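# with the input below, show me the fold.
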Amino acid sequence: MEDAERKRDETPYIVFACKKCKQFIYVKQTQKTKKCLRCRRTHKVTDIENSGEIVNGITRAVETVKIRQHELALKELGTAPNFTAFGDYKINNSSKATRRKVENSGEENNYLSQFKEMLIDLVDLYTEVPYFAFEIFAENFNIPESELKILFRSFQKKGVIVRNNQNYMYRINLIFLT
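I've put the predicted structure just below:
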């Protein structure tokens, strides 16, 4: 059993540096191409065979890649690379998020009142309304399209706007509008 495992581990691999980003990669000799994980450049194995180092076994290939990357880092940085974080990994953008919510809440209330006025106008004119009429009226009431979609969905959930399945028209129930 150990002999079978050993034979599987003796497959030849080529360890080479990416021509674009210089990161070391390993590839089986039987493969046709290998894509760099960092820069996504595709390398043909036939072009790489002369420039790369041939190693037997996947474990040796991985170790060789680690060694070559470390050597490259020593050349580039002058010292061994330090991959430790200086701070914690907690995202600390809570103050920005709350500030944006506070700023947007005033605008949302403004759009909400405009949307309610728009619905009242639509009910006065039509019994059933197609969606594009909502878009046209929203432009007249200066409601952005993104805000229209949000308000439209929320009013559908409340039951104010009800869709007629047969012809994609919408009915507006002012009873639920409060």
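
# what's near enough to touch Val129?
Neighbouring residues of Val129 by Cβ atoms under 8 Å, 6 or more residues apart in numbering: Leu122, Met169, Tyr170, Arg171, Ile172. (Glycine included, C-beta is placed from N, CA and C.)

# out of those, which is nearest to Val55?
Using Cβ to Cβ, Tyr170 is the member of the contacts of Val129 that sits closest to Val55, with 66.6 Å.

# the closest one reaches Phe132, doesn't it?
No. The criterion here is Cβ atoms under 8 Å, and Tyr170 misses it with Phe132 at 10.8 Å.

# so the two - more neighbours on which side?
Remark: of Tyr170 and Phe132, Tyr170 carries more neighbours, 20 against 8, as counted by other Cβ atoms under 10 Å.

# strands - which of the contacts of Val129 land there?
Judged by DSSP state E, the contacts of Val129 include Met169, Tyr170, Arg171, Ile172 as members of strands.

# now the buried members of those.
Buried members of those, counted by 16 or more other Cβ atoms under 10 Å: Met169, Tyr170, Ile172.

# what's the closest non-adjacent residue to the last one?
This means Ile172. Closest residue to Ile172 apart from its sequence neighbours, by Cβ to Cβ, 6 or more residues apart in numbering: Val123 at 4.9 Å.

# flag the shaky bits of this protein, pLDDT-wise.
1-8, 80-109, 178 (pLDDT under 70).

# for it, just list every one of the helices.
Taking DSSP state H, the helices of the chain run over residues 2-8, 45-48, 58-77, 94-125, 131-140, 145-158.

# burial count for the residue nearest to Ile172?
Under the neighbour criterion other Cβ under 10 Å, Val123 is assigned a count of 15.
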